[in-house]
Structures are given as C-alpha cells and as structure tokens.
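Engineer: predicted model and sequence below, questions to follow.
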Amino acid sequence: MNYKELASIVDTAAAEANAVEQLSQSKEFTVDEAYEIQKEAINFRYDRNEQFIGVKLGFTSKAKMEQMGVHDMIWGILTDAMLYENGATLPLSKFIHPRAEPEICFRTSKALPAELTLETAPDYIDGVAAAIEIIDSRYKNFKFSLEDVIADNCSSSGLVIGAWHPVDTPVNHLAIQMEFDGKEVAAGNSNAILGNPWESVVAAARLTAQYGQEVPAGSLIMAGAATAAVFLESGKKVVAKVEGLGEVNFLPQ
Ligand code: OOG
Ligand code: MG
C-alpha cells in the first residue's frame, strides 16, 4: 500500500466515524513516512474544500505522554471543518470516541519563519486565547504508536476558541481547569506545556518548516494539552478555564 492508500483508510474512518485497526498493523513505517501519510490524509480534506486554519502540537506535556504511552512531540493540521464556535453544540454522531482537553491557542500575525526563539516568537503572534481541543483517534480503543497517531493527523477532530487577548497577556504558570456540567474533570498548570507555552510556538515554527508546511498570518497554533484528555459525555457541558484568559465551552450532544 502506498501513502495515499494508507491515508484513505484514516480519512474514511474519520468521515464515517468508524474506528479502524492501526495502520502499522498492515505496514510498518517511520515517523517521516507517517508525516507523508498525514499530508495525503489532509489532501483528501482539501479535495473536499476544507481550508487550512492552523496547526496543533501534541504530547507537549508529561500528562499527555503518560496518558497515551508515547514519548515525542507531534504536530498536525487544523481545518475550518474542525472549528466550532464558543458555546456551540457538538454533534456526537460525527465522532467515534471523542475526548476533550483544555488548551492555550496562539494566533499568528505574520507567516512563521523556520527559526524562532522565546524572544522573537511574540513578534509573530497577535493573540492568545483559552481553547478546548476535541481529539478523536480513528484507531480502535484510542490506542496507537507514535507513527500511527501522526499518520492520523494527531487525532485532530475539533477545536473551540475563547476570546482573544493581546500578545503580552501572561501565559506562564496559569491554572488550567476543565469541568463537565460544573464538575472538575481535569486540572493542571500552563507551564506543564514544554515548561512554557511559548515553547510550543517555537516548536511549531521548527517542525512545520522541517516538513515543508507554511503557516501564514492569521493561523492558529494549539499549544498542546497540559492535562490528560477526558471522554465526552452526551449532554454534559464542557467548560475550560484558563487563569487570565477566561472560559470557553461547548455542549456535546
Ligand atoms: C494525540 C493528540 C495529542 C495533545 O494536546 O497532546 C494532543 C492523542 O492524544 O490522541 O492533541
Ligand atoms: Mg491537543
């Protein structure tokens, strides 16, 4: 099977909300090949007129790596079809076994260069916001190897963004919390994200350049979860709160 054929398996699984076996069970592939498969899977979305809106990083915190049993940072692509409005109802029928995780989102003001530092990164960003990512692995039992999850566009399936705040809004050492119907289901600190969430912007610039992905002005960068992700429950309102950045919510139904 070539990359495109492998990509069509995860793309169809996503489109039909039907879990499949891990791709590596039929063919072994490397991390670099996994990104080739991811690219082909995203091309299927572009063929359906979905638009690039940004990138997401994954496994930027210990909590996430431990939950999923993997040990390296990953990145994937976000499209407009994944974006839900703050307060929206999320149709659960479109998903397989979705989980939510509270995150921080950055918005680019200029195209990202390949090399950024903690000092230069803010020059390329014009907003920060509280966010929730909805991840929905296309693999059975939400189980995968590092290569498999990369090929599956890092489980990307949805995101909700809160109100934008200026670029100089502090993002370090912020309390992050997620509630289902008012009950806390996850809690952490923003510094669990690579020691400083701005490191995610630096990493996004480096990784996207390495794989030839442009990140134009106006793109979103999801920094990765500081806490483990939690399975959605129908009718239970999901609220994420990030100290200083406010709240963001949606209703799975
Ligand atoms: C992969 C996606 C990880 C994060 O924020 O760490 C991720 C997964 O856990 O299915 O989005
Ligand atoms: Mg995430």
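Structural biologist: Perfect, thanks for sending it. None of these values were measured; they are calculated from a predicted model. Ligands and ions are numbered 1, 2, ... in the order given.
Engineer: now residue 127: which helix or strand?
Structural biologist: Assigned by DSSP states H and E, residue 127 belongs to strand 125-135.
Engineer: name the next helix or strand downstream of that strand, please.
Structural biologist: Downstream of strand 125-135 (by DSSP H and E), the next one is helix 146-151.
Engineer: circling back to that earlier point, do the strand holding residue 127 and ligand 1 meet at all?
Structural biologist: Yes: residues of strand 125-135 contacting ligand 1 under C-beta under 6 Å from any ligand atom: 133, 135. Backbone N, C-alpha and C define where each C-beta goes, glycine included.
Engineer: quick one, what contacts the spatially closest residue to residue 90 that is not a sequence neighbour?
Structural biologist: With C-beta to C-beta, 6 or more residues apart in numbering as the criterion, residue 90 has its nearest non-adjacent residue at 4.7 Å, and that residue is residue 252. The contact partners of residue 252, by C-beta atoms under 8 Å, 6 or more residues apart in numbering, come to 89, 90, 92, 98, 232, 233, 234, 235, 236, 238.
Engineer: and residue 34, by the same measure?
Structural biologist: Residue 34 neighbours (C-beta under 8 Å, 6+ apart): 146, 147, 148, 150, 151.
Engineer: tell me which of those is nearest to residue 162?
Structural biologist: residue 150 (27.7 Å; C-beta to C-beta).
Engineer: the stretch 101-250 of the chain against ligand 1: which residues are in contact?
Structural biologist: 101, 133, 135, 137, 149, 154, 155, 224, 225, 229.
Engineer: cutoff 5 Å now
Structural biologist: 135, 137, 154, 155, 224, 225 (C-beta under 5 Å from any ligand atom).
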